Each structure stands twice: as structure tokens, then as C-alpha cells.
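Participant: fold the following.
(one chain, ligands or ions: 1)
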Amino acid sequence: MTPPRALTIAGSDSGGGAGLQADLRTFFACGVHGMTAVTAVTVQNSVGVSGITVIPPEVVVAQIRAVATDIGVQAAKTGMLATAETVSAVADAMAEFPSLPLVVDPVAASMHGDQLLRDEALDALRTRLFPRATLVTPNLDEVRLLTGIKVTDRDSQRAAAVALHAYGPRWVLVKGGHLWTDPSCVDLLYDGSGFVELDGPRFDVKDTHGSGDTLASVITAALAKGRSVPDAVRLGKGFIVESVRNAYPLGAGVGPVSPLW
Ligand code: PLP
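Facilitator: Below you'll find the predicted structure:
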């Protein structure tokens, strides 16, 4: 039987830890057929990113159209989009599929600090893609870049969710993993009316490469299966906790989280 199908619009991580490689293995682990529109090729290993080649935006859009018109897509996510031109091209392409659930993970930098999104693309993300998003899933560094808000506690985390929601996404998930002063990891889900706090343990581990991509991919897979956003996010939270628990060392640097356990 044909499984549900999900599309990731994202960059390649040659080290196989994050990016579309993380998305594809997560889709597979969730029982969903994964497809890719490659936006950029990073030269990357466990130590960092040493090169980025951006795929022409028209090639990104052609990949989206090719799979959506033939194979069919039940949910899509965006990861590394690299440039304002690609953000705008993806937003235009998404307008052709108005009912497709879209998770926007506003990837801006790797955990090593390598920039994965040009500065001028932030505005395109906020104004072109956020209004089309079913859910946006920023971490706290991305929140600061997108809103100027430095989250230090639950109140500022709520304020950030409200500020992001004003750009037009249906739902916002402000991830609390980078709030290092918090003994647990509390992600905050907001739909413009109410907050849902999703509490999870904080692990003292270094191998967390690809954790954001993996979380957004579980949520996308669950949406492809017809789950509601709150259900998909709850599922994602449980999944990422186990994936971090099962992370493994790789190379001389940072190893990836593992969606199989
Ligand atoms: N490389 C690519 C292509 C990515 O898409 C991402 C994150 O989305 C990263 C690297 C960074 O992952 P992390 O911050 O988990 O190291």
C-alpha cells in the first residue's frame, strides 16, 4: 500500500547528521515516504560546515512541482533555505498548493555557528513564508534573529510566540532547548489564543546535531498522516526526547540524534 508522503525542502548535510538526511530518516522511521527539494549542498562533517553551494531557486521549485503533481504530498517542511531568492521562490510555489500543511523550521545557523541563511533572507522568511506556514518551529537563537527578543524565562518565551504569530503562521512552537538556565526543556505552542507548554527532560549530552530538523520532520510526518497540529507536536516532543537519548558520537565533533531506538 502507498504510505503517506512528505516533502522536505532543505539543504544536504554531507555528514548525514542534519538537513535533508535527518529529515528522510525521520520520515522513514515514522512510516512516511520522504521526498526532497534540495536547496543547498553543504560541505559538512561533525566539526562544521566548510562550504555551501546554493541550488538555483528555479531548480528548487521544479523539484517541488515534479513530486507534488505526480506522487502527491500530504505535508511539507522547509529547513535550510539559504537565500532570500529561495525563500520567495518556495513561498510562490507553496501558493500553488494552498491546502498543503507546511512546517517552517527557520534554520539560520548550525550549532557550530556556521551561517546557513543570509541576513537579508530573514525578512523574506517573516513576510513571505511565515504567512503561509501551518507551524513555525524556531529555536531561541532564531527567535532572537527574527524578533529581536532575547528569551530568558517563560514570560519572554510567551512574548516571542506572540510576536512571531503576528507574522501570520497558524501556529508557533518556540522551542526551549536553548534556555540553558531552565532545568527542563519546555517548548511553547501558541495558536493566537492559548499556550500549551510541553515539558521534557534536559539531557547533559553533546551529540545533538540535527535535533531541530528531526523534531520538525516528526511533526511533518504526523501532519501527513492527518494528525492535528497539537497532536503532531506532542508526538514530536516524545520522539525527540528518545532521539536525543539515543544520539551517538561521530567523528571528532558533534554526533547526531537518532530517530531509531
Ligand atoms: N546543516 C544543514 C543542511 C541543516 O539543515 C541544519 C539544520 O537544520 C544544520 C546543518 C544544523 O544542524 P544543528 O544545528 O543541529 O547542528
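Participant: and the closest residue to residue 120 other than its chain neighbours, how many neighbours does it have?
Facilitator: Distance criterion CB to CB, 6 or more residues apart in numbering; nearest residue to residue 120, sequence neighbours excluded, is residue 84 at 5.0 Å. Bear in mind the C-beta positions are built from the backbone N, C-alpha and C, glycine included. Applying the criterion other CB atoms under 10 Å, we find 19 residues in the vicinity of residue 84.
Participant: phi, psi of residue 84?
Facilitator: The phi and psi torsions at residue 84 (degrees, to the nearest 10) take the values phi -60, psi -40.
Participant: OK, contacts around it?
Facilitator: For residue 84, the contacting residues are 118, 120, 121, 123, 124, taking CB atoms under 8 Å, 6 or more residues apart in numbering as the criterion.
Participant: tell me the contacts of the residue nearest to residue 86 when sequence neighbours are not counted?
Facilitator: Once its chain neighbours are removed from consideration, residue 86 has its nearest residue in residue 57; the separation is 4.8 Å (CB to CB, 6+ apart). Under the criterion of CB under 8 Å, 6+ apart, the contact list for residue 57 reads 83, 85, 86, 88, 89, 90.
Participant: ok, residue 9 next?
Facilitator: 36, 37, 39, 60, 64, 76, 77, 78, 79, 81, 90.
Participant: in what helix or strand does the first one lie?
Facilitator: Just to be clear, that refers to residue 36. Using DSSP states H and E, residue 36 sits within strand 33-44.
Participant: same question, the fifth one
Facilitator: For residue 64, the host element (DSSP H and E) is helix 57-70.
Participant: which residues of the stretch 51-200 of the chain lie near the ligand?
Facilitator: Proximity of the stretch 51-200 of the chain to the ligand is assessed by CB under 6 Å from any ligand atom, with 79, 80, 107, 110, 111, 116 identified as the residues in range.
Participant: now for the residues you listed: which two are most distant?
Facilitator: Pairwise distances across those (CB to CB) peak at 14.0 Å, for the pair 79 and 111.
Participant: so for the two, which residue has more residues nearby?
Facilitator: For residue 79 versus residue 111, neighbours defined as other CB under 10 Å are more numerous around residue 79 (26 against 18).
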